[in-house]
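*Asks:* What follows is a protein structure lacking sequence information:
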């Protein structure tokens, strides 16, 4: 951590700050420039809240030198983490394909889609049971019954299940029935939920990026889960909010190489939610694989025109079949 | 709701869509342009998810005509809502001033600040007990004990208490001890929490805007609370996330006149979190009052340099005293 | 174009608006909903400025039905446009590779890089002569001399030249020496320059997207050039400005499939400027090709550590050589 | 300037960087932390492009300590600059009111509006002659004739004239006829125009902020003008582009106190373009004055319903009259 003082900082003000820092057990290295005094702090700076120094009138700003996340930091864990989702390994050389409907709507629907994607080579079955909807008047999901339908589909196809957890009150149920527990974009900074998920969820977590969260904030949310006891976190980019309004959101694929550098956790891309249009899914899924992601999650629906949720961004099973083949081929040459 | 068809839409495709719409009990008005067919829907369109029509290949897009929020909509409630916070009326001609420390740190600290702001004419005392922090390693708040300290301060000064609720597991405690229950920016779309707050919280709610949420999404979150049974919602703008990085966030004061037009709920501005620097608080608080807000919430700390949280954006009590006087004077001439 | 009236609109106010519209030679189709009156306009609506109707007190809003760009619109030009850059065809099945230094720095530098990229299979040589720099104190480019060096390199290698035009006063020189004239992101809405470029530049144009411009604004800027007489426009995505600060900008690859749908013009991706870091170039270039772009433009420098401009985002020639091979292989299987 | 090295940086790599820096005539102060080496540079760092050091593999990042703008920097010019616009002083205690139509449409229109705003106490008359329009098919302004009409209005009312310069080819004409030369938001980084304006324009400049430009970029554009010879620059905030779409743009009023701290140049607010709706102008103009701006620029039109441009955001003269009175009163108590 570096303290940059203001040009007009008085000697006694500077001393006051340095005393404060030294009382916290840190050493200081002073570097006097022509206009500006700069002081480097040496020691365990992770326990200091930079704002507590920044508040001093004589301080211009604080520069953080080391990243604030530790468990998620590749610097301390150079090897890739491979997450085991009930036998499916995410983060190794195999490209993980996750597919399924936005919302579970009936036993028959889920079963049919599960069979279709299984035969196309999908690895995991996704399906929404509890749905985060902007409007209280929109369909909120079938809840517990949806999870049972997904379990039936798993029994038949062998595909482990991915579903979103929205509240700590469903943790026991998710521990019983779900193989990969998704934390949605809107809950990425629901810190109480992250703590509970870290402590009580026994399954791996798929942590989606919030709509306007930086890479660092995202990794800090992963750090909440990791530091509370659950080491199995997969990151999922699903589009960020920008000024663009033609698409639902803007898919940030630079996240893939950046995260590969900053962290050892696997990264999966969800092109369906990012674009909001089914014809964007195929090119963006290919781009994601070309950029080096560990997996792709796409919405597949056997009857998008009648879907209760997010039909416009869902692929039909036959399109998914082609896409799955293309992505596998692409992965092989990358 | 209006359906705009693609120029190349086939007659039988159009018919298929119109049948679907009419099966939902709506009437259609057809308007054939030179290139484009446009169909207006008449009837109760609020139950239709536009995406279920947008998914049709022949449909170019859907245009919503009426706002999706009803209980929060000024059109159906022309009069301003005045929210009673344990005797303090928010939303009438009196400017509500909310002040206090970011985090409660000790009995003494809270009492001292409460006395100071009381003598400056503040209406409500704010103080964080449970804190949403980006890092799991930052101070997370004193929790339950902090609420007790606030209650002590209320007993002495008579100031009702504002504090943030982060999890439904604390609802009973907040019903007992807190007068105005804040839902923070990061939980604005934590829909499960919004439902619980609507159903179970007996006190008014201060709903902060999320960092990248539109006015409509914000009002839809208010609608969650209203439609689940709690009619007392105050909206709070606290800055949005933009490309600008000199300030912490960008304070959107156009929200004031826009919300006054769209909704009947009161609106309060929090300039402390928006700017992240104490010297921005005063000019932005004045601007907020000039723009017509119902209240201002500012962080006040008797020793910002030692604050455990957000010191750089806190005013000292003597500055708050001056500011309170200026704001009252300003309110009188607006 | 559709006019949505306010629920409380008076009959005579509506009549006033309809008269205004009909005086402009348009027919109206009236659709009366339960709360809302909607009127479709039939005829040549492209000459009406929607704001002239929106200004009426009784009008809630105007909905545009047809896209405002015509010459750039795929609807009226279903076939892909192939742009001939001095013999290099951009927009057909061949992937166009554009490479070269950010700034031309010396005869030797340009020649060396030109030879290197030529042997790696590049199609066009880029090099900055006039540089748009945020600071007036930064290196502003070698100007005219740089163009001469590029011409020398072209003479030897046969690679046509791409360079940025910043002012109309250099148009004659660019007509003489440059094969593909770039309009930079910061000039995307420099409408006077666009008009001059449309009227006077005899070479094709590479139009970069502005940092915060929508797809529609971008196509409208292309429309300026097309409608002023130059039909050869190639679009170039180079990253947009978002809240993210780890990377220089955010590369928006959804632009590729979206533009392929909206327009017939070719699209090229510049991953160097988007990310600002050389190690982001390779994965993002691959992703661009996988998503279906027509070309990729990358910065290559033989000595990035000594580059006068944008060294951190430049590839060394040997890395470019590998990348070029990968991209060609990828293009073949896409 | 501070160099932060990567934890794994080798000694000889570090030496290589330090040699490079020292060859540029700078001294280095080394500060070795537990994981990280930090080096402060002492001397005239303004001539170094930080990217030339950042490109080194061993360097994690560069931290700028001093602001890159000098002439615009308050640190070196503590006193406020007062700009004399043909006798109207902008930047002293008097609030400058600028008003007039978006576009000049006729002699009669301009004269009428000029008389109206003069009697309301406006200081300067604005009117568009050359108009930057997103569409090539929109009204592009009356050009030279518009400037003549404005001069007529000035002759009668005495109000100095503000108009936008879009191209260097009109500089002579603007030197003759216009008193305050506006550079529009879309040309804020048209560096060739900025240089010409600095060198050749004899009148003060009103520099609007670009739609997605930071404070620092804005001040660097001012620095272009100042360093090329024109010391009279007034800054104008007119709204930035965010995710919000209800309003045209988001007005950033924090710009006022921030710029007052960073620079000595006056700042004017344009609430008309920011909001795009006339009913937002009044509250936002008041907020701007309360926040401490030096002037307000608003669009006034005697017949907004027939305006050729931006009618929806224009005030009628009688509303402007009231607003002007309110703003003067507000300024007095701030």
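*Replies:* Looks like it came in fine. These numbers were taken from a predicted model, which means no experiment stands behind them.

*Asks:* contacting residues around residue A:200?
*Replies:* A:168, A:171, A:175 (C-beta atoms under 8 Å, 6 or more residues apart in numbering or on different chains). Placement of C-beta: from N, CA and C, glycine included.

*Asks:* quick one: which of these is nearest to chain C?
*Replies:* Chain C has its nearest neighbour among those in residue A:168, at 28.9 Å by C-beta to the nearest C-beta.

*Asks:* wait, doesn't that closest one sit right on residue B:166?
*Replies:* No - counting by C-beta atoms under 8 Å, residue B:166 is not a contact partner of residue A:168; they are 11.4 Å apart.

*Asks:* Identify the contacts common to those two.
*Replies:* Residues touching both residue A:168 and residue B:166 (C-beta under 8 Å, 6+ apart) are residue A:192.

*Asks:* So for these two, which sits in the more crowded spot?
*Replies:* In terms of neighbours (other C-beta atoms under 10 Å in any protein chain shown), residue B:166 is the more surrounded of residue A:168 and residue B:166; the figures are 24 against 21.

*Asks:* Would you check that that one makes contact with residue B:133?
*Replies:* No - between residue B:166 and residue B:133 there is no contact under C-beta under 8 Å: 10.5 Å.

*Asks:* so what sits against both of these two?
*Replies:* Applying C-beta under 8 Å, 6+ apart, one finds that residue B:166 and residue B:133 are jointly contacted by residue A:191.

*Asks:* And the top helix by length along chain A, what does it pack against?
*Replies:* Ranked by number of residues, the top helix in chain A under DSSP state H is helix A:317-333. Packing partners of helix A:317-333 (3 or more C-beta pairs under 8 Å, 6 or more residues apart in numbering or on different chains; DSSP states H and E): strand A:96-100, helix A:107-119, helix A:278-290, strand A:295-299, helix C:317-333.

*Asks:* who does the first one touch, helix- and strand-wise?
*Replies:* Looking back up the chat, that one is strand A:96-100. Using 3+ C-beta pairs under 8 Å, 6+ apart: strand A:96-100 touches helix A:107-119, strand A:124-126, strand A:295-299, helix A:317-333.

*Asks:* one step back: switch the helices and strands packed on helix A:317-333 over to JSON lines; also include mean neighbour count.
*Replies:* Below are the helices and strands packed on helix A:317-333 laid out as JSON lines (neighbours: other C-beta atoms under 10 Å in any protein chain shown):
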{"stretch": "strand A:96-100", "mean neighbour count": "28"}
{"stretch": "helix A:107-119", "mean neighbour count": "20"}
{"stretch": "helix A:278-290", "mean neighbour count": "26"}
{"stretch": "strand A:295-299", "mean neighbour count": "28"}
{"stretch": "helix C:317-333", "mean neighbour count": "17"}
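
*Asks:* Next to chain D, which bits of chain A? Give me the list.
*Replies:* By C-beta under 8 Å from any C-beta of the partner chain, the residues of chain A that approach chain D are A:2, A:4, A:7, A:29, A:31-36, A:38, A:40-44, A:60, A:63, A:65-66, A:75, A:212, A:241-243, A:245.

*Asks:* care to break chain A down by domain?
*Replies:* Split into domains by automatic domain parsing, chain A comes to A:2-63, A:83-333.

*Asks:* partner strands of the helix or strand hosting residue A:181, parallel or antiparallel?
*Replies:* Applying DSSP states H and E as the criterion places residue A:181 in strand A:180-183. Strand A:180-183 has the following sheet partners, assigned by DSSP bridges: strand A:161-164 (parallel), strand A:205-208 (parallel).
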